[in-house]
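# heads up, no residue letters with this:
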Ligand code: NAD
Ligand code: ZN
């Protein structure tokens, strides 16, 4: 009966989506041949909420389960934690046919994912995302890695999971601000790829804003499907995958300029999408009405309208750094319409400056 409510998306790797489907986890792990011995990696906040339940579900299905809990927070996505986890796997004699189960948000997904990629030259990996951002984005597509003192996500590898298992009911405990940050990425998918998703969100605002989990399911499922579709078509980001960076050129710069402390990722991306919208309008790509619809949706979810208390100069510097990486020209993802994005390297500087004055 419960299996009927489990949806399987296929592409670069399978993604299983549903509401209150945790009890199906052992059966699904076995189906994909990753249910022999499980090494759960999670963070303190999530362990307090879910570790007991998950361990019980796995062990009562006869699966040998080990769990390691690391502190919560982006500052722990580093080599020290990786080393600690390698030691733990060695102590417990983990083997290549065993599975690492990353239970958490994007931090745990990236970190545990890279541990799985590197230990014994690659163990099985299963992603069980617990934040909205991780369910619609970070747990899909195989990017894993850690931060370096010089830059975010500098070390890592492409290592797709054997499967991603999304149970939307895990979001019930997610703090409001984290949820809001995830909504920015959801809005991003609608803007770059899917006008009907935009319509759905706009027509179900009250349910979605009130955290009605069953009503969130189709939205999360559609976003996961879009991400999977894009990364399957362009696994190593040689073209199309770059549209996922909509709102991120300025968003990343805002995060970097504020030392990753003032704005959550999605909040910075929300500001970045509004600025990119203005740029697209100024370049004659996007009409005024579509821009307004985008900005109204962002406001509905309580995301910031502009960045406060930041030096425009430091944001400019951060954009320039982005520029270096991408071969001389700053790359912007711009909309032609809601649901249609393109990659542009020809944005005039005066238009970027105009957007900076408006949003920074
Ligand atoms: P996060 O993993 O830090 O989680 C946010 C906070 O919520 C943490 O304190 C966590 O303990 C807590 N939490 C998680 N799930 C919870 C739940 N269900 N209930 C209560 N609390 C919960 O942050 P995030 O926003 O999920 O991820 C951000 C990270 O994701 C960044 O490091 C970013 O680089 C990475 N990322 C990776 C990709 C990718 O493709 N690999 C894509 C986007 C982002
Ligand atoms: Zn993002």
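Yep, it's here. Since this is a predicted model, take the numbers as computed values, not measurements. Residues are numbered from 1 along each chain as shown. Ligands and ions are numbered 1, 2, ... in the order given.
# Would you map the strands across the stretch 101-250 of the chain?
Taking DSSP state E, counting those that start in this stretch as the test, the strands found in the stretch 101-250 of the chain are 124-129, 143-148, 151-158, 163-167.
# Burial-wise, tell me which of those comes out on top.
Comparing the strands of the stretch 101-250 of the chain by mean neighbour count (mean count of other CB atoms under 10 Å), strand 124-129 ranks first with a mean of 27. (Glycine included, C-beta is placed from N, CA and C.)
# Tell me the helices and strands packed up against it.
strand 99-104, helix 106-118, strand 163-167 (3 or more CB pairs under 8 Å, 6 or more residues apart in numbering; DSSP states H and E).
# anything in stretch 7-26 near ligand 1?
No - Stretch 7-26 is not in contact with ligand 1 by CB under 6 Å from any ligand atom; minimum separation 11.8 Å.
# quick one: that stretch to chain centroid distance?
Stretch 7-26 sits 17 Å away from the centroid of its parent chain (CA atoms, centre = their mean, to the nearest Å).
# For it, which residues meet the burial criterion?
Neighbour counts over stretch 7-26 (16 or more other CB atoms under 10 Å) mark 7, 9, 11-19, 21-22, 24-26 as buried.
# Among the strands of the stretch 101-250 of the chain, which comes closest to residue 262?
strand 151-158 (15.0 Å; CB to CB).
# For that closest one, what does the pLDDT average out to?
For strand 151-158, mean pLDDT is 93.
# Need the contact partners of it.
By CB atoms under 8 Å, 6 or more residues apart in numbering, the surrounding residues in contact with strand 151-158 are 79, 110, 114, 117-118, 142-148, 235-236, 255-256, 260.
# Pull up the pairing partners for it, direction included.
strand 143-148 (antiparallel) (DSSP bridges).
# Now do the partner strand: everything it contacts.
Contacts of strand 143-148 (CB under 8 Å, 6+ apart): 74, 77-79, 81-82, 109-111, 113-114, 116-117, 153-159.
# Looking at the strands of the stretch 101-250 of the chain, which is nearest to residue 332?
strand 151-158 (19.7 Å).
# For the stretch 101-250 of the chain, what lies in contact range of ligand 1?
Counting by CB under 6 Å from any ligand atom, the stretch 101-250 of the chain sits next to ligand 1 at 104-108, 110, 130-131, 133-134, 137-138, 141, 143, 153, 170-171, 173-174, 178.
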